[in-house]
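Trainee: Next come a sequence and a model predicted from it.
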Amino acid sequence: MNPRLFYFISILLLFGCSGKEKNESARPNIIYIYVDQLSANMMSCAGNQWLKTPAMDYIADNGMRFTRAYTTNPVCSPARVSLMTGRFPGYFKDDQGKEVRENRGSIKIPQVSQEVLNTTLPSYLKKANYGLYYGGKEHLPASLSPSTLGFTYFSKNERQELAAEAAKIIRADHDKPYFMMVSLINPHDICYMALREKATSVQDANILKRATIELTTLESAMKIPEGVSSDEFFKSHCPPLPPNYEPQIDEPQAVKKLINLRPFRQNARENFTDDQWRHHRYAYHRLTEVVDEKIQTILDAIKESGQEENTLILFSSDHGDMSASHRMEHKSTLYEESANIPFMAMWKGHIPAGKVNSENLVSNGLDLLPTICDYAGIKGVSDPRGKSLRPLLEGNKVNWRETLGVESEIGKMVINKNGLKYVRYDLAGFEEQLLDLKEDPYETTHFTNDVKYKKSLDELRTIYEMEWFPE
């Protein structure tokens, strides 16, 4: 070969390979750590002094934490359908043709359309040549399960084993970037405290029969520290009752009906003592610390394998827990404790460290898909109301949404950037409320009939019907 020609070919190959390597290094590995039933305020980095969450705090300290992030639906399966599809759960119909708004209907979603399959999160990432890994809690219909959508399922365990198996994948060699979903179960075990007190239905009795690990973990979380008396426990170790411990003034009938649908929920509201509610809150905090330890295992693997600067870490939850607010436990309501969730992102060298975003409204279910796709180098669109968080995470100015919709089993709501919440309940007939989180952050009352709010109420009604939930 002509020496000059050989030289030019060598240069072209060198620059070609360098360009490819540069492009691949610009696309990070992406790990989405996803816990179950964690409210936004259940982290020490959020100012909660009754627990310590060093792993979650590390993500916050080295990235951005959003305080105004919401689930698309505050119950497990519908929220998870959103994460996979980038759509509201109510976009789908169950096997009876009903809009999906609760767990049973979500699990009974039949075969979805090809349009949906082509625009799921894993579908986009496969097009972007990402490896796909999934481990932990699933709670999805067969038509949208991780295996159906193309993930390599590395662990069905939801606890310690899951974190350890995720760490093995992180430490392994990879010939292309990967996306991993790690779906950890806790602090969901708090659900069993009220349930075991009055599991009178066949459904609830069967749940308890299968809950050996869950009940053991709960018992450990409820245990009073060694050497501490009962008086000292409640004086110094137990979180106090929340400021909104009593039911909301003029509480909607939909909320009452939700509570009364399950005997154990009704029993907790009517019969739990103040000390029982405080003990419930104590166990919830301890279970959060349990899951934080598992998150630490994952963070250690990323750091020890030298991958921190090549890994985007996203952290969130499917929904929160009422944790004695309004004398309620469990989820499914549109109160902040249930619907407002943690959302954090960390990528060293790319996302500024230690930032708190308390301005922008974020939807975990709608925004996760376009955000991950943006970082993966592909445009991902499902519900066009979903937005990539990348400009916010990297400190760029962007026109952001002024309102956000949330669905639930008992109704739907729209919240605006000024903290006004318009809720339209339908579980017990038509009811509506206007709440003001700036005036009344604990949602102890409502302002629906206050003449000062008439203009805002009318505006939010229109936005609800035209922008978020048109008939």
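Mentor: Thanks, I have it.

Trainee: Poorly predicted segments of this protein, please.
Mentor: 1-25 (pLDDT under 70).

Trainee: can you do 50?
Mentor: Along the chain, the model assigns pLDDT under 50 to residues 3, 5-24.

Trainee: May I see the buried residues of the helix ranked longest in it?
Mentor: When the chain is parsed with DSSP state H, its longest helix is helix 274-304. Using 16 or more other CB atoms under 10 Å as the test for burial, helix 274-304 gives 277-292, 294-299, 301-302. All C-beta spots, glycine's among them, are computed from the backbone N, C-alpha and C.

Trainee: where does the closest residue to P28 other than its chain neighbours land in three-state SS?
Mentor: Counting by CB to CB, 6 or more residues apart in numbering, L312 is the residue found nearest to P28 once chain neighbours are left out, at 4.4 Å. Classification of L312 using DSSP: H, G, I helix; E, B strand; the rest coil returns strand.

Trainee: How about L312: which residues does it bridge to?
Mentor: I30 (DSSP bridges).

Trainee: Enumerate every residue touching Y133.
Mentor: Contacts for Y133 (CB atoms under 8 Å, 6 or more residues apart in numbering) come out as 151-152, 154, 166, 169, 178-181.

Trainee: continuing past the one helix or strand it maps to, what's the next helix or strand?
Mentor: Y133 belongs to strand 131-136 when assigned by DSSP states H and E. Sequence-wise, the next helix or strand downstream of strand 131-136 (DSSP H and E) is strand 152-155.

Trainee: Mind checking what helix or strand follows that next one in sequence?
Mentor: Where DSSP H and E defines the elements, the next helix or strand beyond strand 152-155 is helix 160-171.

Trainee: So which residues make contact with that following helix?
Mentor: When contacts are defined by CB under 8 Å, 6+ apart, helix 160-171 is touched by residues 31, 133, 135-136, 154-155, 157, 178, 180, 182-184, 294-295, 297-298, 300-302, 304-305, 307.

Trainee: Please repeat the previous calculation with a cut-off of 6 Å.
Mentor: Under the criterion CB atoms under 6 Å, 6 or more residues apart in numbering, residues 133, 135-136, 154-155, 182, 294, 297-298, 301-302, 305 lie in contact with helix 160-171.

Trainee: all strands for the stretch 351-471 of the chain, in order.
Mentor: 355-357, 362-363, 403-407, 411-416, 420-425, 431-436 (DSSP state E, counting those that start in this stretch).

Trainee: I378: which of the ones you listed is closest?
Mentor: Nearest of the strands of the stretch 351-471 of the chain to I378, taken as CB to CB: strand 362-363 at 20.1 Å.

Trainee: partners of the closest one, with directions?
Mentor: Partner strands and pairing direction for strand 362-363 (DSSP bridges) are strand 64-70 (parallel).

Trainee: and the angle from the strand it pairs with to strand 411-416?
Mentor: If you take axes from the mean of the first three to the mean of the last three CA atoms, to 10 degrees, strand 64-70 sits at 130 degrees to strand 411-416.

Trainee: Quick check: buried residues in strand 64-70?
Mentor: Those buried within strand 64-70 under the rule 16+ other CB under 10 Å are 64-70.

Trainee: same for the next helix or strand after it, what does it pack against?
Mentor: Next in sequence after strand 64-70, counting helices and strands by DSSP H and E, comes helix 76-85. Contacts defined by 3 or more CB pairs under 6 Å, 6 or more residues apart in numbering; DSSP states H and E place helix 76-85 against helix 103-107, helix 364-376.

Trainee: Let me see the contact set for S82.
Mentor: For S82, the contact set (CB under 6 Å, 6+ apart) comprises 72, 89, 365.

Trainee: what's the neighbour count on the nearest residue in space to the second one that is not next to it in sequence?
Mentor: So the one you mean is P89. Leaving out its chain neighbours, the residue that sits closest to P89 by CB to CB, 6+ apart is P78, at 3.5 Å. Number of residues near P78 (other CB atoms under 10 Å) recorded here: 31.

Trainee: wait, P78 sits on F88?
Mentor: No. Judged on CB atoms under 6 Å, P78 makes no contact with F88 at a distance of 8.5 Å.

Trainee: What is the neighbour count of S456?
Mentor: Count around S456 with other CB under 10 Å applied: 17.

Trainee: before we move on, the earlier item: filter the contacts of S82 down to the buried ones.
Mentor: If we count by 16+ other CB under 10 Å, the contacts of S82 have these buried: 72, 89, 365.

Trainee: From V75, how far off is the second one?
Mentor: The reference is to P89. 9 Å (CB to CB, to the nearest Å).

Trainee: One more: the last one?
Mentor: As for G365, its distance to V75 is 12 Å (criterion: CB to CB).

Trainee: quick one on the thing from earlier: just tell me which of the helices and strands packed on helix 76-85 ends up closest to L393.
Mentor: Among the helices and strands packed on helix 76-85, helix 364-376 sits nearest to L393 (CB to CB), with 8.0 Å.

Trainee: Report the buried residues of that closest one.
Mentor: In terms of neighbour count (16+ other CB under 10 Å), helix 364-376 has its buried residues at 364-376.

Trainee: quick one: which of these is nearest E443?
Mentor: N364 (20.4 Å).

Trainee: does the closest one really touch S316, like I thought?
Mentor: Yes. If you go by CB under 6 Å, N364 and S316 touch, sitting 5.1 Å apart.

Trainee: what's the overlap in contacts for these two?
Mentor: Both N364 and S316 are contacted by F343, under the criterion CB under 6 Å, 6+ apart.

Trainee: got the contact list for P141?
Mentor: Applying CB under 6 Å, 6+ apart, one finds that P141 lies in contact with 107, 109.

Trainee: how about TSV for the buried residues of helix 364-376, with distance to Y453 added?
Mentor: Shown next, in TSV, are the buried residues of helix 364-376 (distance: CB to CB, whole Å):
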residue	distance to Y453
N364	28
G365	29
L366	27
D367	28
L368	33
L369	35
P370	33
T371	34
I372	38
C373	39
D374	37
Y375	40
A376	43
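
Trainee: Tell me the bridge partners for the most centrally placed residue in the chain.
Mentor: Centroid-nearest residue in the chain: S317, 2.4 Å away (criterion: CA atoms, centre = their mean). Under DSSP bridges, the beta-bridge partners of S317 are V35.

Trainee: and it, what does it touch?
Mentor: 35, 38, 341-342.

Trainee: Among those, which ones are in strands?
Mentor: Counted as lying in strands by DSSP state E, out of these, are 35, 341-342.

Trainee: Let me know the closest of those to T216.
Mentor: V35 (19.1 Å).

Trainee: who's in contact with that closest one?
Mentor: For V35, the contact set (CB under 6 Å, 6+ apart) comprises 184, 291, 317.

Trainee: now stretch 103-113, how far from the centre of its chain.
Mentor: In terms of CA atoms, centre = their mean, to the nearest Å, the centre of stretch 103-113 is found 20 Å from the chain centre.

Trainee: now the residue nearest to N267 when sequence neighbours are not counted: how far from I415?
Mentor: Excluding the flanking residues, the one nearest N267 by CB to CB, 6+ apart is K198, at 4.1 Å. From K198 across to I415, the span is 34 Å (CB to CB).

Trainee: who has more neighbours, these two?
Mentor: Taking other CB under 10 Å, K198 and I415 do not tie; I415 has more neighbours (24 against 16).
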